[in-house]
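Student: Sequence and predicted model, in that order:
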Amino acid sequence: MPTAPNVTIIPAKVQTAESRSKYHQLRVAAYCRVSTAQEEQQNSYQVQIAYYTDLINRKKEWTLAGIFADEGISGTQTKKRTEFNRMIRMCKNKKIDLVITKSISRFARNTVDCLEYVRQLKDLGIGVIFEKENINTLTMTSEFMIALYGSFAQAESESISKNVSWGKEKAYREGKVQFQYKYLLGYKKGTDGKPEIVPEEAEIVRLIYTLFLDGYSMTRIKKILENKGYLTAQGKKVWNESLIRSILKNEKYVGDALLQKTFTSDCITHKVVKNHGERPMYLVTDHHVPIVDRDTYNRVQQELARRSSKRKVSDKTITEQGKYSSKYALTELLICGKCGTPYRRTTWTSRGKKQIVWRCISRLEHGRRYCPDSPTIKEEQLHKAIIRAINNYYSCGNDVEKILKANIGNVLECQGQEEIAAIGKRLKEIDKARNDLISLIATGGCDEDKLDIEFEKLYEEEQSLSERLAMLKSKNQTSAETQAKLDKIMELIDNEKFELETFDNVLVRKLIECVKVLSKNEILVIFKGGYEVRTEIE
């Protein structure tokens, strides 16, 4: 019978930080972080540094490898913590044997990151001591506890994020506005903390609005600004079209502020996304001194929408809207009276001579199949006909004014002022009643269930009144804008001696709504406000 082999067990000698301490001092690093300035003094940035320096120096078997501290940076993402990342690099370079930190929430508020870095360090034989949870990662038999604590820390971070979001929305509801002056051309922070106009920059903003309403494209506006040597808000000589478009769309230039245009979608990644209706927005009107008047701003928004609706011609659509052209006003105004398609400027060559004409896009692209009767019109004759129509418009100033007022109708009448005042008074009463209820809760002098019912009633009434107030103010704003439009048109036609001699693209855009080609001999010019003039093409 064979004898059993003699087996001697040789214990494993894993060179962890704990085992290495028997032979040499452990190189210990401390990591500390303070997320907010409101935390208690004993948890502050400076106190933590002093605490860990003293703790490490008091232990004979430890030697200080460094204090790594990130001040005022969120713990939900490690990539933004430069000192934390430097500490990890030193660990990988075997310059640190042990890491000590106050708690898991100081190390990371993201469970995934927390476990990932603990595993990496454990594989390197480096432990992490979490003082608050009394955890040493080298002595743990399972990752369950650290995962559990990490989840608690992440939940705490999400809760804090919600509280921050709630605080921001409360500020929005109260109309509190913060400006990024670095990127805002035309304004600076005034001595009273409110936006103050910078005159020379404001002139640039007004020029952009004027050029745009005069029909200039973003590209042409960009060239004009650069040729004049104007600088952007950040002091750059080169402008881009997206910047010009953002200036034209920015409600701050009319004295308003739209709040919560963006929001943080995830408290872990801190990803900021555009608000497309997922969260409420808050419009604060007449918040500060405007650079452009409201009528100009509204006309720019309408023109932006109109230009964006222009599309390139395609074979799939018969009555295509065409592409916007800033060079020729008639590209967007001249339409076919037969099929409703815009006309296009084109060049005819006959017997070696070139001639500019306007043709129906549908006829031009698809032949007689869709629009057999649209005429081709010479540009020179078309311009002369429109000039005659404009001069007729100016010569009939009184008649034009009557027609404009008749078309506008009763919209100009501002109604509901008494109701607006009454609603405002009642809203103040509701606010006082709510404060009285809060005082009762504080003293404990009333049934809380009954108070909840009263709170609900006040809230519902407040919501209903606020909606009604917004509607009434909107109507009055529309009336004021309409009156301003009428005033501008009347300013243009106030000069009875005016007579246009040459075709003016800018003036045509300001006065004319559209021009319909009725036949090869006649056009219908429809002016803004509804006044119409039929004129012959000679």
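Tutor: Looks like it came in fine.
Student: Spell out which residues make up each domain of the chain.
Tutor: Per automatic domain parsing, the domain ranges recorded for the chain read 17-163, 181-306, 311-404+495-536, 410-479.
Student: possible to save those as a markdown table with mean neighbour count and mean pLDDT?
Tutor: The C-beta positions use only the backbone N, C-alpha and C, and glycine is treated the same way. Rendered in a markdown table, the data for the domains of the chain read as follows (neighbours: other CB atoms under 10 Å; pLDDT from 0 to 100):
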| stretch | mean neighbour count | mean pLDDT |
| --- | --- | --- |
| domain 17-163 | 17 | 74 |
| domain 181-306 | 15 | 85 |
| domain 311-404+495-536 | 16 | 78 |
| domain 410-479 | 12 | 69 |
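Student: Can you show me the strands along the stretch 101-250 of the chain?
Tutor: 127-130, 135-136, 187-189, 195-197 (DSSP state E, counting those that start in this stretch).
Student: Same list, those, but as JSON lines with distance to residue 469 please.
Tutor: Formatted as JSON lines, the entries for these read as follows, by distance: least, CB to CB, whole Å:
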{"stretch": "strand 127-130", "distance to residue 469": "54"}
{"stretch": "strand 135-136", "distance to residue 469": "57"}
{"stretch": "strand 187-189", "distance to residue 469": "29"}
{"stretch": "strand 195-197", "distance to residue 469": "26"}
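Student: Identify the residues contacting the spatially closest residue to residue 209 that is not a sequence neighbour.
Tutor: The shortest distance from residue 209 to any residue other than its chain neighbours is 5.3 Å, reached at residue 292 (CB to CB, 6 or more residues apart in numbering). Applying CB atoms under 8 Å, 6 or more residues apart in numbering, one finds that residue 292 lies in contact with 205, 206, 209, 253, 254.
Student: which two in those are spaced the farthest apart?
Tutor: The widest separation within those, taken as CB to CB, falls between 206 and 254 and amounts to 11.9 Å.
Student: Common neighbours of these two, please.
Tutor: The overlap between the contact sets of residue 206 and residue 254 (CB under 8 Å, 6+ apart) consists of 291, 292.
Student: What is the helix or strand where residue 390 lies packed up against?
Tutor: Of the helices and strands defined by DSSP states H and E, residue 390 is found in helix 379-395. Applying 3 or more CB pairs under 8 Å, 6 or more residues apart in numbering; DSSP states H and E, one finds that helix 379-395 makes contact with strand 353-360, helix 505-511, strand 512-519, strand 522-527, strand 532-536.
Student: Output these in CSV, with distance to residue 98 appended to each entry.
Tutor: Compiled in CSV, the helices and strands packed on helix 379-395 are given as follows (distance: least, CB to CB, whole Å):
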stretch, distance to residue 98
strand 353-360, 83
helix 505-511, 75
strand 512-519, 79
strand 522-527, 83
strand 532-536, 88
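Student: beta partners of residue 354?
Tutor: Listed beta-bridge partners, residue 354: residue 349 (assigned using DSSP bridges).
Student: do you know how far it is from residue 67?
Tutor: Using CB to CB, to the nearest Å, one gets 80 Å for the distance from residue 354 to residue 67.
Student: Residue 212 now?
Tutor: When residue 212 is compared with residue 67 (using CB to CB), they lie 57 Å apart.
Student: ditto for residue 231
Tutor: Residue 231 is 44 Å from residue 67, by CB to CB.
Student: go on, residue 457?
Tutor: The gap separating residue 457 from residue 67 is 57 Å, by CB to CB.
Student: Over to residue 248?
Tutor: 51 Å.
Student: got it, and residue 226?
Tutor: According to CB to CB, residue 226 and residue 67 sit 51 Å apart.
Student: cool, residue 500 as well?
Tutor: Taking CB to CB as the measure, residue 500 falls 79 Å from residue 67.
Student: Kindly export stretch 276-296 (C-alpha atoms) in CSV.
Tutor: Taking Å, rounded to 0.1, in the frame of the first residue of the first chain, the C-alpha atoms of stretch 276-296 are listed here in CSV:
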residue,chain,number,x,y,z
HIS,A,276,-37.9,71.6,-25.2
GLY,A,277,-40.9,71.6,-22.9
GLU,A,278,-39.7,69.0,-20.4
ARG,A,279,-39.5,71.7,-17.7
PRO,A,280,-41.5,74.9,-17.3
MET,A,281,-39.9,78.1,-18.6
TYR,A,282,-40.3,81.5,-16.9
LEU,A,283,-40.6,84.8,-19.0
VAL,A,284,-39.8,87.9,-17.0
THR,A,285,-41.0,90.9,-19.0
ASP,A,286,-39.6,94.5,-18.7
HIS,A,287,-36.9,93.3,-16.4
HIS,A,288,-34.2,95.8,-17.5
VAL,A,289,-33.7,98.7,-19.9
PRO,A,290,-34.1,97.4,-23.5
ILE,A,291,-31.7,98.1,-26.4
VAL,A,292,-34.3,97.5,-29.2
ASP,A,293,-38.0,98.4,-29.0
ARG,A,294,-40.5,95.6,-28.8
ASP,A,295,-42.0,96.2,-32.2
THR,A,296,-38.6,95.9,-33.9
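Student: Please renumber the chain so that the first residue is 16 from this point on.
Tutor: From this message on, residue numbering opens at 16, which makes the last subject stretch 291-311.
Student: residues in contact with residue 320?
Tutor: Neighbouring residues of residue 320 by CB under 8 Å, 6+ apart: there are none.
Student: quick revisit: so for residue 198, which of the helices and strands packed on helix 394-410 sits nearest?
Tutor: In terms of CB to CB, the element of the helices and strands packed on helix 394-410 nearest to residue 198 is helix 520-526, at 30.6 Å.
Student: elements contacting that closest one?
Tutor: In terms of contact count using 3+ CB pairs under 8 Å, 6+ apart, helix 520-526 is assigned the packing partners helix 345-348, helix 394-410, helix 463-507.
Student: what's it in contact with?
Tutor: Counting by CB under 8 Å, 6+ apart, the neighbours of helix 520-526 from elsewhere in the structure are 228-230, 342-345, 348, 401, 405, 408, 504, 507, 515, 542-543.
Student: give the contact list for the nearest residue to residue 396 once chain neighbours are set aside.
Tutor: With CB to CB, 6+ apart as the criterion, residue 396 has its nearest non-adjacent residue at 5.2 Å, and that residue is residue 552. With CB under 8 Å, 6+ apart as the criterion, the residues that contact residue 552 are 392, 396, 397, 400, 535, 536, 537, 538.
Student: what ranges do the strands span in the stretch 266-415 of the chain?
Tutor: Secondary structure of the stretch 266-415 of the chain (DSSP E, counting those that start in this stretch): strands located at 272-274, 277-279, 287-289, 297-299, 349-351, 358-365, 368-375, 392-393.
Student: and of those strands, who's closest to residue 74?
Tutor: The minimum distance between residue 74 and these falls on strand 277-279, with 41.9 Å, by CB to CB.
Student: All good on my end, thank you.
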